[in-house]
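Trainee: I'll drop the sequence and a predicted model, then ask my questions.
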Amino acid sequence: MTTTAQAQGSEGRKAKPDHLGHVIFITAAAAMGGFLFGYDSSVINGAVEAIRGRYDIGSAALAQVVAIALIGSAIGAATAGRIADRIGRIRVMQIAAVLFTVSAVGSALPFALWDLAMWRVLGGIGIGMASVIGPAYIAEVAPPAYRGRLASFQQAAIVIGIAISQLVNYGILNLADGDQRGKIAGIEAWQWMLGVMVVPAVLYGLLSFAIPESPRFLISVGRNDRAKEVLAEVEGRTVDLDVRVDEIEQAMRSEHKSTFKDLLGGRFGLLPVVWIGVGLSVFQQLVGINVAFYYSSTLWQSVGVDPSSSFFYSFTTSIINILGTVIAMVFVDKIGRKPLALIGSIGMAFSLALVAWAFSADLVDGKLPHSQGVVALVAAHAFVLFFALSWGVVVWVLLGEMFPNRIRAAALGVAASAQWIANWAITASFPSLSEWNLSVTYILYTVFAVLSIPFILKWVPETKGKALEEMG
């Protein structure tokens, strides 16, 4: 590329698109996958106790029905990238939308426990695909000058999806007079909760027909003229389109397709930086954050809160989650990744310890004493806030920045796999652990929050202000 062309390319990267509103629409449409990710991950919260009663199952079997979707998520995440490289990003979104839709209908109208589990696996595959393809598509379509802000749409969509699912569950429960198994038009309330996901799933599918294919994919299959049309659409017509296409082609030719072998070589098998990535992913899950989204209604009901109030508290928790995410997005580039993670770890440790103390009290008439109940409620919300303003966002930022270019893709794959496995472990173990001793369960999560503090101080690098090429 000539010096003149490089200069033109640099100017192009700073250019403002002709129709920024249209670019935001494209990004928001792609981020609907994140909305479904959050919605499907959390909607089961409202159905847990009803499923237990409908099929008369114990905690272990119940946990597997809840957690089995994560197996599907791992499959979807592992396969989405390769499928997208073959048939395009938009087609993968459409496949995910179909899987979501079919899963929602099947989950709402199951014949037995086994097919409910099967539909949840199918939905999980859609979740995994959406979790990979959404951020990838947004990064490839967003104008460089706006990429960071537009990339945040995915995380925002996830936490909004969690909140909306809890609000919908709360509304359906009230229609059923507070009974999760109460009938609405001949169908139990919990079935409506799972079935309503058809609406955002169909919307996601329809929106995928209204947005363009990624320029990077179009260039990879030789459709350069269409790629130029899309680039003009999203980056502005003042951009030198020939230069931009040349930049993308050169970047694609120079990319190193990292493999698992590239990650080997450290004292314990993997390179140290890969172990740090795995540690970040695992600690993010082992503090028990998904208990708040998968089981919070069950949790509050187990200590005497009535179903309607427990659903309301689940909704307020998800609002706190949104607030914390916004705080993280504002401060992650201002105060740095490590300080934010440390604030979160300390806050989570104190909050979880308070929850553990509150749940250690003996129940009176099936309820926590008033003072312990208030402490449990406030501390549980504080825990979600501290997680959302730190580890909820910081881990994804660090995983995207800390790995050297030559191993980034493979290292991200390993870290993401570790996260799904840890997520499954916490989700599958909570019902049995809480039935055994709820207070000790939260002491366990507190221990992991405390252990994350020296982990951050000693091993996690600060990536604020560094170019990706500086990561050695």
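Mentor: In hand now; what should we look at?

Trainee: going forward, measure contacts and count neighbours with C-alpha atoms only.
Mentor: Will do.

Trainee: which secondary structure element contains the residue nearest to F331 when sequence neighbours are not counted?
Mentor: Once its chain neighbours are removed from consideration, F331 has its nearest residue in L340; the separation is 7.9 Å (C-alpha to C-alpha, 6 or more residues apart in numbering). Taking DSSP states H and E as the definition, one finds L340 inside helix 337-359.

Trainee: output the contacting helices and strands for that helix.
Mentor: helix 370-388, helix 391-401, helix 408-459 (3 or more C-alpha pairs under 8 Å, 6 or more residues apart in numbering; DSSP states H and E).

Trainee: nearest to S42 among those would be which one?
Mentor: Ranking those by proximity to S42 (C-alpha to C-alpha) places helix 408-459 first, at 11.8 Å.

Trainee: angle of the closest one against helix 337-359?
Mentor: 70 degrees (axes from the mean of the first three to the mean of the last three C-alpha atoms, to 10 degrees).

Trainee: just to revisit the earlier point, these two touch, right, the residue nearest to F331 and S390?
Mentor: Yes - shown here, L340 and S390 form a contact pair, counting by C-alpha atoms under 8 Å, at 5.4 Å.

Trainee: please identify every residue contacting each of the two.
Mentor: By the contact definition C-alpha atoms under 8 Å, 6 or more residues apart in numbering, L340 and S390 are jointly contacted by A328.

Trainee: hmm, back to that, which parts of the helix holding L340 are buried?
Mentor: Neighbour-count burial for helix 337-359, with 16 or more other C-alpha atoms under 10 Å as criterion, is recorded at 337-338, 340-359.

Trainee: do stretch 295-311 as well
Mentor: 295-305, 307-308, 310-311.

Trainee: where does the prediction get shaky in the stretch 351-472 of the chain?
Mentor: Applying pLDDT under 70 to the predicted model, the residue ranges of the stretch 351-472 of the chain that meet it are 405, 409, 465-472.

Trainee: just want the angle from the helix holding L340 to helix 391-401.
Mentor: 150 degrees.

Trainee: could the helices and strands packed on helix 337-359 be laid out in CSV, adding distance to L280?
Mentor: What follows is the helices and strands packed on helix 337-359, written out as CSV (distance: least, C-alpha to C-alpha, whole Å):
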stretch, distance to L280
helix 370-388, 13
helix 391-401, 6
helix 408-459, 8
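
Trainee: picking that back up, in contact with the residue nearest to F331, which residues?
Mentor: With contacts defined as C-alpha under 8 Å, 6+ apart, the neighbours of L340 are A328, F331, V332, L389, S390, V394.

Trainee: list buried residues within those residues.
Mentor: Buried, going by 16+ other C-alpha under 10 Å: A328, V332, L389, S390, V394, out of the contacts of L340.

Trainee: wait, which of those is closest to S417?
Mentor: Taking C-alpha to C-alpha as the measure, S417 sits nearest to V394 out of the buried ones among the contacts of L340, at 17.7 Å.

Trainee: re earlier: just the CA trace of the helix holding L340, in PDB.
Mentor: This file holds the C-alpha atoms of helix 337-359, laid out as PDB (Å, rounded to 0.1, in the frame of the first residue of the first chain):
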ATOM      1  CA  ARG A 337      -9.000  -2.700  34.200                       C
ATOM      2  CA  LYS A 338      -7.100  -3.900  37.300                       C
ATOM      3  CA  PRO A 339      -8.400  -1.200  39.700                       C
ATOM      4  CA  LEU A 340     -12.000  -1.800  38.600                       C
ATOM      5  CA  ALA A 341     -11.600  -5.600  39.000                       C
ATOM      6  CA  LEU A 342     -10.100  -5.100  42.500                       C
ATOM      7  CA  ILE A 343     -13.000  -2.800  43.500                       C
ATOM      8  CA  GLY A 344     -15.400  -5.400  42.300                       C
ATOM      9  CA  SER A 345     -13.600  -8.300  44.100                       C
ATOM     10  CA  ILE A 346     -13.500  -6.500  47.400                       C
ATOM     11  CA  GLY A 347     -17.100  -5.400  47.100                       C
ATOM     12  CA  MET A 348     -18.300  -8.900  46.100                       C
ATOM     13  CA  ALA A 349     -16.400 -10.500  49.000                       C
ATOM     14  CA  PHE A 350     -18.000  -8.300  51.600                       C
ATOM     15  CA  SER A 351     -21.500  -8.600  50.000                       C
ATOM     16  CA  LEU A 352     -21.300 -12.400  49.700                       C
ATOM     17  CA  ALA A 353     -20.100 -12.700  53.300                       C
ATOM     18  CA  LEU A 354     -23.100 -10.700  54.500                       C
ATOM     19  CA  VAL A 355     -25.400 -12.900  52.400                       C
ATOM     20  CA  ALA A 356     -23.800 -16.000  54.000                       C
ATOM     21  CA  TRP A 357     -24.300 -14.500  57.500                       C
ATOM     22  CA  ALA A 358     -27.900 -13.700  56.800                       C
ATOM     23  CA  PHE A 359     -28.700 -17.200  55.500                       C
END
